[in-house]
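Asker: Next comes the sequence, and after it the predicted model I'd like to discuss.
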Number of protein chains: 2
Amino acid sequence: MNVWDQYAPELVTDLYEFTMAESYLKENMSGEATFSLFIRAYPHHRAYFVSAGLEHLLELIRDFRFSEASVDYLASTGKFSRDFTDYLKKVRFTGTVRAIPEGRIFFTQEPILEVTAPIIEGQLLETLVINVIQLETLLASKAARCVHAARGRALVDFSLRRTHGVDAGLKAARASYLAGFVGSSNVLAGKIYGVPVFGTMAHSYVTSFKNEMDSFLAFARTYPDDTVLLIDTYDTLRGAEKALEVARRMSAEGKPLVGVRLDSGDLVDLSRKVRKIFLDGGFPDVKIIVSGSLDEYSLEKLLEEGAEIDLFAVGTRMGVSSDAPYFDIAYKLVEYEGRPILKLSSGKKTWVGKKQVYRFYDEDGKMKEDLLCLLEEAVPGGEPLLETVIKDGELQRSPESLERIRERFAGEWEKLPHIYRSTYPVETYPVKISADLSELERQTSEARRREEIEKEW
Amino acid sequence: MNVWDQYAPELVTDLYEFTMAESYLKENMSGEATFSLFIRAYPHHRAYFVSAGLEHLLELIRDFRFSEASVDYLASTGKFSRDFTDYLKKVRFTGTVRAIPEGRIFFTQEPILEVTAPIIEGQLLETLVINVIQLETLLASKAARCVHAARGRALVDFSLRRTHGVDAGLKAARASYLAGFVGSSNVLAGKIYGVPVFGTMAHSYVTSFKNEMDSFLAFARTYPDDTVLLIDTYDTLRGAEKALEVARRMSAEGKPLVGVRLDSGDLVDLSRKVRKIFLDGGFPDVKIIVSGSLDEYSLEKLLEEGAEIDLFAVGTRMGVSSDAPYFDIAYKLVEYEGRPILKLSSGKKTWVGKKQVYRFYDEDGKMKEDLLCLLEEAVPGGEPLLETVIKDGELQRSPESLERIRERFAGEWEKLPHIYRSTYPVETYPVKISADLSELERQTSEARRREEIEKEW
């Protein structure tokens, strides 16, 4: 049984979305609701987020419907009425989605997207919306940090083997490419997303030959135009000497040795010695590629300590965002039938109402501050971040290509001031709250407090 | 474009598996190779692993073949010969897989599985094997720790919204059920794996009504036999008082209030006060359910401090294994054409040869120690952990049900001594190395050192 044969995005959902929906239907609650998706707080060492995942989500919302098999399964649980399962057979998304496009930079509290629709439709999407947007945003944000730490050197995604499943592996390849990686080892991502694919040999290849030199020569025979040799299987410096000999032999046949890869040991010391071997040997163009437990922290450290590296193969720690494997992200009801909505649960603030984010730039074109306000407010001079991407259930534009999103991110990055780009940021970007929003929040909060806590019932 | 329409497990692979395979083919290297999958080291606070993912992997290996579209894509990269793409069209897995069954407990250095096959076949599976086994083993191991910390209280998986994609969400539901959770909020996991599904209401439900009491009464109308009320939206204790009133009204109609859920605040203090409200009110059977940023550490702390909790809804931190989001897991070539294989890369030890693990128990039936040895060694009195699950490409048994695997884990758990079960273990389980394996490792290592490092070439 192949799991993906049974994949049904309409069931990528917590059960309570359905039990609530059944109750909304029974209570004839079909009013218009607005849900807002946002990240509450920065994880350690984060000062910005990179929007990603929207294109996938839009496709899922556009095609949202319940197959007969899905409805049959729900009916089989015995938890739902016939009225409700009949309703599910016909339900489509008929609402509006406003969202920050992929590749843009955003900050805490800012809605990544807002869904306005009959309450059941908005509710049924909750789990799917969070699952899709959080992962891709998480990975794009982590990858952007690695690109920054690499100081202009190229990066390739090597994470597939240790990502959390196949879905995450594909998204790591796409998100890291979006953020500026040059490609991925992930072949399926190459096929599906057109991400350039990279890769040469593993230790198993080297060790399967009777000796290291034989393995190097065999690989050069197979890939005379694209030879990268893994030189740390037995001893990195001896490996480099052998690779230099391969470079000489290849050169005699008019072929270049493209590079060598180091995957273990003291990478600062070894990379410098390997560079010297190739410089002294007359092959200054042989690239030094490094892999093994890399992330933005180790990249920064390696380069600060003078490592000689031309390309980083970044794997597991980027692909699982190991230092921050999740965001405190929430999809909250903020308005129902025109009424502003919030909860008072301690430590979990939500901004009420339909909202917009306006961005302001300084005279150098750098991001200066954002203003979070109510959708209906007019904010002269600000650039609105959320765009209407679905209206009355219809997509408002054609899908964006990954290349276009990648270019958008590159442009955004130029506008992000250095202090927020840092691997160890100490300041947070100013997100101001409009006076109208603050006031509505205050009034709503007080009214709720009076009604639910102070009042006798 | 739905990604899963283009899913092709044969391409869930790092590109270098294909470039190596092309070279093996060109060099006529079709000898028998053995690859071994193992975890090198324990992450922080881990002292055991729970085997999971094998059933999925066996299905993938059994069905392993290249679709025309996949071969066309590989050809389109321009990196492969016609001979090689023709080879791929026909390739099937013809080898042997020996593995530790799902639900068993194992330790570092021990092979979770070994693949013996013509080298190309074993090589092409590398990325898929690691991706499938690491994730499910990671999640089952994390979930087992949560079950232990819950001290007999029930646990439900609530992680889907923040798992790394859909694939990971399904596997979190399955792995946590395997490890003893009672079910999941994940509806698709209910449909595909038969995991019991749970869920009632979110804050959005409560806030969509004009007041909290209305929302409670509406839910009780919809689900008179299965009412769990979320009581922390505005104020937990006021919420509990309202829920008590709902319990009274339901009771008058012969219906029980099943439970209340707390999702924020000081859970120790609040859960005790909520319990008192229901005890004083004459409803001692109302269950107290708690959710929100839970993991084994917070569970243990809550119970030690006297929280009154009957069921834990454990989400994100379990579903992404947040304190250890990956294992140092490797799939290494250990034998080729009868020759023991290892690499010498610093800090990355691999045990050579085809291996078996034997387990020994003490007089109380508790695990005492394991012995890692060569497959051909006879070890009287030991229980072998790896079983032959695929031979000559054929599955050797029918698929195991999740229920059976869950029972196996429950049995294993009883045999694991308390010191290793701890949330903060201080000792590691003894895995001894046989004299023959040690000696072969030593000889191989020395021979490699002489050949690759000391010898002039």
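Answerer: That came in fine, so what should we check first?

Asker: What residues does residue A:157 make contact with?
Answerer: Contact partners of residue A:157, counting by C-beta atoms under 8 Å, 6 or more residues apart in numbering or on different chains, are A:143, A:172-173, A:176-177, A:181, A:183-186, A:314-315, A:318-319. In this view, the C-beta of every residue, glycine as well, is placed from N, C-alpha and C.

Asker: who touches the strand or helix carrying residue A:98?
Answerer: Per DSSP states H and E: residue A:98 is located in strand A:96-99. Strand A:96-99 is contacted from outside by A:54, A:58, A:61, A:112-117, A:356, A:386-392, using C-beta under 8 Å, 6+ apart.

Asker: again with stretch A:166-177
Answerer: Stretch A:166-177 is contacted from outside by A:50, A:52-53, A:135-136, A:139-140, A:143, A:146, A:155, A:157, A:159-160, A:163, A:183-184, A:186, A:188-190, A:192-193, A:195-196, A:314, A:318-320, A:402, A:406, B:3, B:7, B:9, B:12, B:131, B:164-168, using C-beta under 8 Å, 6+ apart.

Asker: which ones among the residues you listed are found in helices?
Answerer: A:135-136, A:139-140, A:143, A:146, A:188-190, A:192-193, A:318-319, A:402, A:406, B:131, B:165-168 (DSSP state H).

Asker: Just the helices from the stretch 351-457 of chain A, written as ranges.
Answerer: When secondary structure is read from DSSP state H, counting those that start in this stretch, the stretch 351-457 of chain A shows helices at A:402-415, A:418-421, A:435-448.

Asker: Relative to residue B:101, which of those is closest?
Answerer: The closest of those to residue B:101 is helix A:402-415. By C-beta to C-beta, the value is 41.3 Å.

Asker: how far out from the middle of the chain is the closest one?
Answerer: Relative to the centre of its chain, helix A:402-415 is centred 14 Å away, using C-alpha atoms, centre = their mean, to the nearest Å.

Asker: close enough to count as contact, residue A:88 and residue A:68?
Answerer: No: in terms of C-beta atoms under 8 Å, residue A:88 does not count as a neighbour of residue A:68; the distance is 10.3 Å.

Asker: Pick out whichever of the two has more residues nearby.
Answerer: A direct count of neighbours by other C-beta atoms under 10 Å in any protein chain shown for residue A:88 and residue A:68 places residue A:88 higher, at 22 against 8.

Asker: For the closest residue to residue A:227 other than its chain neighbours, pull up the helix or strand it's in.
Answerer: Excluding the flanking residues, the one nearest residue A:227 by C-beta to C-beta, 6 or more residues apart in numbering or on different chains is residue A:220, at 4.8 Å. If you go by DSSP H and E, residue A:220 is part of helix A:212-222.

Asker: which parts of that helix are buried?
Answerer: Within helix A:212-222, the residues scored as buried using 16 or more other C-beta atoms under 10 Å in any protein chain shown are A:212, A:213, A:215, A:216, A:217, A:218, A:219, A:220, A:222.

Asker: which residues sit in contact with the residue nearest to the second one when sequence neighbours are not counted?
Answerer: Leaving out its chain neighbours, the residue that sits closest to residue A:213 by C-beta to C-beta, 6+ apart is residue A:242, at 5.1 Å. With contact set as C-beta under 8 Å, 6+ apart, residue A:242 has these partners: A:212, A:213, A:216, A:231, B:457.

Asker: Adding pLDDT and distance to residue A:40, write those residues out as TSV.
Answerer: Listed next are the contacts of residue A:242 as TSV, based on pLDDT from 0 to 100; distance: C-beta to C-beta, whole Å:
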residue	pLDDT	distance to residue A:40
A:212	97	52
A:213	97	56
A:216	98	52
A:231	98	46
B:457	63	60
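
Asker: Now render those as CSV, adding distance to residue B:325.
Answerer: Formatted as CSV, the contacts of residue A:242 follow (distance: C-beta to C-beta, whole Å):
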residue, distance to residue B:325
A:212, 34
A:213, 39
A:216, 35
A:231, 30
B:457, 42
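
Asker: Residue A:285 versus the nearest residue to residue A:287 once chain neighbours are set aside, what's the distance?
Answerer: Using C-beta to C-beta, 6+ apart and skipping the chain neighbours, the partner closest in space to residue A:287 is residue A:259 (3.4 Å). Distance of residue A:259 to residue A:285, given as C-beta to C-beta, to the nearest Å: 9 Å.
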